[in-house]
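>>> Dropping the sequence and predicted coords here.
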Amino acid sequence: DAKTTQPTSMDCAEGRAANLPCNHSTISGNEYVYWYRQIHSQGPQYIIHGLKNNETNEMASLIITEDRKSSTLILPHATLRDTAVYYCIVIGQTSGSRLTFGEGTQLTVNP
Amino acid sequence: EPEVTQTPSHQVTQMGQEVILRCVPISNHLYFYWYRQILGQKVEFLVSFYNNEISEKSEIFDDQFSVERPDGSNFTLKIRSTKLEDSAMYFCANIRDRGISEQFFGPGTRLTVL
């Protein structure tokens, strides 16, 4: 699975959009980009995933660059409850693949 | 919305004792996982389980660890003889089907080995 690079920490004001970047320059054509988050030692929570098209769900939007070497997770209106560590994970197209967590980005949403 | 549950939420044990951590996955989910997270460190994969057998395991998952589905619903992780370094949060997770899909995690069991 491709390696990912994320900033260690970010801050965001409550109600503003939080844009979390991820670099995955060695991603291969059949690898997906997944985003999870972990709120203060709770179990990780799935957010969104994509292959090459931009994706949106009720939690977030995922923007993947055309060359697929980087992506951005967007929380459109961050709340205090979005304070968490956010993980960008690249997974091969293999059934039942393990998740390999990196250090992630600690997002702090400030009032 | 269905949830993954884990028991106990906190387990304290003496070094050398056996512990069994339990997980009730979402029904009809077919792939099961255990992960652990030592305090202040990354979440680490331990083992995946499908069709009543281990499909993949990490180097952490040595002979002291075992997994099973004793009754077709619960999914357990057993540590035969706990060590101090086994103190961690243990998370189980499952996915619906063989295709790529999101993993649903339980709330975790905090294991403290004294």
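Yep, it's here.

>>> Please give me every residue in contact with the residue nearest to the spatial centre of chain B.
With distances taken as CA atoms, centre = their mean, residue B:34 lies nearest the centre of chain B, 3.3 Å away. By CB atoms under 8 Å, 6 or more residues apart in numbering or on different chains, residue B:34 lies in contact with B:21, B:23, B:46-47, B:67, B:77, B:90-93. Yep, even glycine has a C-beta here, placed from its N, CA and C like the rest.

>>> any low-confidence regions in chain B?
Within chain B, the set of residues satisfying pLDDT under 70 comprises B:98-101.

>>> coming back round to it: could you find the closest non-adjacent residue to the residue nearest to the centre of chain B?
residue B:46 (4.3 Å; CB to CB, 6 or more residues apart in numbering or on different chains).

>>> elements contacting the strand or helix carrying that neighbour?
Assessed by DSSP states H and E, residue B:46 sits inside strand B:43-50. Counting contacts by 3 or more CB pairs under 8 Å, 6 or more residues apart in numbering or on different chains; DSSP states H and E, strand B:43-50 packs against strand B:31-37, strand B:53-57, strand B:65-68, strand B:75-79.

>>> And the residue nearest to the centre of chain B, how far from residue A:36?
Distance, residue B:34 to residue A:36, by CB to CB, to the nearest Å: 16 Å.

>>> swap in residue A:106?
From residue A:106 over to residue A:36 the distance is 14 Å, taken as CB to CB.

>>> Look at the two and report which has more neighbours.
Higher neighbour count among residue A:106 and residue A:36: residue A:36, with 24 against 16, using other CB atoms under 10 Å in any protein chain shown.

>>> And what about the most centrally placed residue in chain A, helix, strand or coil?
Centroid-nearest residue in chain A, with CA atoms, centre = their mean: residue A:35, separated by 3.5 Å. Three-state assignment for residue A:35 (DSSP: H, G, I helix; E, B strand; the rest coil): strand.

>>> For residue B:56, list each beta-bridge partner.
residue B:48 (DSSP bridges).

>>> Could you say which helix or strand holds the residue nearest to residue B:45 when sequence neighbours are not counted?
Leaving aside its sequence neighbours, residue B:45 sits nearest to residue A:98 (CB to CB, 6+ apart; 4.4 Å). Counting by DSSP H and E, no helix or strand carries residue A:98.

>>> who are the neighbours in contact with residue A:98?
B:33, B:45, B:48, B:56, B:58.

>>> Next: residue A:64.
Residue A:64 touches A:33, A:50-54, A:70-71, counting by CB under 8 Å, 6+ apart.

>>> So which of these is the closest to chain B?
residue A:51 (9.0 Å; CB to the nearest CB).

>>> ok, and the closest non-adjacent residue to the closest one?
Leaving out its chain neighbours, residue A:51 is closest to residue A:32 (CB to CB, 6+ apart), at 5.4 Å.

>>> doesn't residue A:52 make contact with the one you found?
No - between residue A:32 and residue A:52 there is no contact under CB atoms under 8 Å: 9.4 Å.

>>> Between those two, which has more neighbouring residues?
Counted by other CB under 10 Å, residue A:32 and residue A:52 do not tie: residue A:32 has more neighbours, with 18 against 14.
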